[in-house]
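Novice: Show me the folded form of this:
(one chain, ligands or ions: 1)
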Amino acid sequence: TTKLSKEKVEITKEQRALIKAILDAYNRHQIPQDVTKKLLQEQYSAEENFLLLTEVATSQVQVLVEFTKNIPGFLSLDREDQIALLKGSAVEAMFLRSAQVLSKKMPSGYTEVLEERIRKSGMSEEFMTPMFNFYKSIEELHMTQEEQALLTTITILTPDRPYVKSHEAVERLQETMLDVLRKLCVLQHPQEPQYFARLLGRLTELRTLHHYHVEMLTSWKTNDHKFTPLLCEIWDVQ
Ligand SMILES: C[C@]12CC[C@H]3[C@@H](CC=C4C=C(C(=O)O)CC[C@@]43C)[C@@H]1CC[C@@H]2C(=O)c1ccc(O)cc1
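Specialist: Residues are numbered from 1 along each chain as shown. Predicted coordinates:
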C-alpha cells in the first residue's frame with residue numbers, strides 16, 4: 001500500500017507574521033476609487049476603453065511599487081536590484097493581478113465592465129485568447145487571499161530577472177516565501193497534494209504571457225496608441 005506522507009506541516013510564528021505582513025500590504029494597496037469609478041461610468045468605445053485601461057494600468061504600477069516596498073526584506077536588497085526586480089516582474093504581476101481581479105465576481109459589476117472594456121479595447125484576438133485562458137486557469141484554482149498575495153510576492157522575488165546582481169540574496173528571500181506558500185497549500189488544500197505544484201505552474205504560464213505582452217504593446221503602438229510615461233518606463237516601451 002502507498003504510505004500517504006502525513007508529514008506534520010507546521011507554520012512557525014515567524015511565518016505566520018510574514019503571511020500577515022504580506023496580506024495586509026496586499027489588501028492595503030488597491031486601485032483608487034476614482035479610477036475604478038471612471039471605469040464603471042465612462043461610455044464604451046475602443047478608444048475610451050484603451051484610455052481607461054491605460055489609466056488603470058498606470059495606477060496598478062504605482063500600487064505594485066507600494067506593495068513591493070512592504071515585502072519583508074525587499075528594502076534590505078541592493079537598491080539597483082530592487083529596481084531590476086520591479087521592472088522584471090511588472091508585466092507578470094500585472095497579469096496575475098488582472099487574473100485575480102477578473103476571477104472574482106464583484107457586487108459592483110466591476111469585473112464584468114472590466115472584461116467588456118478589455119474585449120473592446122482594440123487588442124487583437126491573438127493576445128485576447130491566451131490572456132483569457134490564463135484568467136480561466138487562475139479562476140479554477142480558487143486561490144485564497146494569502147495564496148494570491150504570496151504568489152505575487154514570489155513572482156516579484158524571481159532571482160533570474162535581467163540585471164539582478166546579488167542573485168543569492170533574492171533567491172534566499174524567494175525561498176522563504178516559497179516555503180511558507182508550500183505549507184499553506186498543504187494546510188488549506190489537504191485533499192489536493194498537487195495544489196502547490198499547480199500554483200507554481202501558473203508562474204510558468206505567466207512568463208509566456210509576458211512574451212505576448214511585448215507584441216501586444218507594439219501592435220497597439222502601430223495604431224498610434226499612447227502609453228503613459230510610467231508605463232513606458234516600467235515596460236521599456238519607446
Ligand atoms: C493588463 C491590462 C491593463 C491593467 C488591467 C488589466 C485588467 C485588470 C486589471 C485590474 C486591476 C485592478 O483592479 O487592480 C488593475 C489593472 C489591470 C491589471 C488589463 C488587461 C489588458 C490590459 C493591458 O495589457 C494594457 C496595456 C497597456 C495599456 O495602455 C492598456 C492596457
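Novice: count of neighbours near the nearest residue to residue 228 once chain neighbours are set aside?
Specialist: In this structure, residue 228 finds its nearest non-sequential neighbour in residue 58, 4.5 Å apart by Cβ to Cβ, 6 or more residues apart in numbering. (Glycine included, C-beta is placed from N, CA and C.) The number of residues packed near residue 58 is 17, by other Cβ atoms under 10 Å.
Novice: Find the helix or strand that residue 58 is a member of.
Specialist: For residue 58, the host element (DSSP states H and E) is helix 46-69.
Novice: circling back: so the residue nearest to residue 228 sits against residue 234, correct?
Specialist: No - in this structure residue 58 lies outside contact range of residue 234 using Cβ atoms under 8 Å: 9.3 Å.
Novice: Pull the distance from the biggest helix by length in the chain to the chain's centre.
Specialist: Counting residues, the longest helix in the chain under DSSP state H turns out to be helix 195-222. The chain centre lies 11 Å from the centre of helix 195-222; the measure is Cα atoms, centre = their mean, to the nearest Å.
Novice: What strand or helix carries the closest residue to residue 52 other than its chain neighbours?
Specialist: On the basis of Cβ to Cβ, 6+ apart, the spatially nearest residue to residue 52 that is not a chain neighbour turns out to be residue 39, at 5.4 Å. Using DSSP H and E, residue 39 falls within helix 33-41.
Novice: where in this protein is pLDDT low?
Specialist: When residues are selected by pLDDT under 70, those of the chain lie in 1-7.
Novice: Please list the residues of it that sit near the ligand.
Specialist: When proximity is defined as Cβ under 6 Å from any ligand atom, the chain approaches the ligand at 31, 50, 53-54, 56-57, 60, 94, 97-98, 101, 114, 118, 216, 227, 231.
Novice: could you redo the last one with a cut-off of 8 Å?
Specialist: 30-31, 36, 50, 53-54, 56-60, 63, 94-95, 97-98, 101-102, 110, 114, 118, 121, 123, 131, 213, 216-217, 220, 225, 227-228, 231, 235 (Cβ under 8 Å from any ligand atom).
Novice: Just the buried residues out of those residues, in PyMOL syntax.
Specialist: For selection in PyMOL, the members of the residues of the chain next to the ligand meeting the burial criterion (16 or more other Cβ atoms under 10 Å) are listed in this command:
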select buried, resi 31+36+50+53+54+56+57+58+59+60+63+94+95+97+98+101+102+110+114+118+121+123+131+213+216+217+220+225+227+231+235
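Novice: Contacts only, for residue 232.
Specialist: residue 238 (Cβ atoms under 8 Å, 6 or more residues apart in numbering).
Novice: Repeat the analysis, applying 10 Å as the threshold.
Specialist: Residues in contact with residue 232 (Cβ atoms under 10 Å, 6 or more residues apart in numbering) are 217, 226, 238.
Novice: swap in residue 100?
Specialist: 26, 135, 138, 139, 143, 145, 147, 148, 149, 151, 152.
Novice: at 8 Å instead, please
Specialist: When the contact criterion is Cβ under 8 Å, 6+ apart, the partners of residue 100 are 138, 143, 148.
Novice: With residue 118 instead?
Specialist: Contacts of residue 118 (Cβ under 8 Å, 6+ apart): 49, 53, 128, 131.
Novice: now with 7 Å?
Specialist: Shown here is residue 118, whose contacts under the criterion Cβ atoms under 7 Å, 6 or more residues apart in numbering are residue 53.
Novice: so where does it fall, helix or strand?
Specialist: Under DSSP H and E, the secondary-structure element containing residue 118 is helix 110-119.
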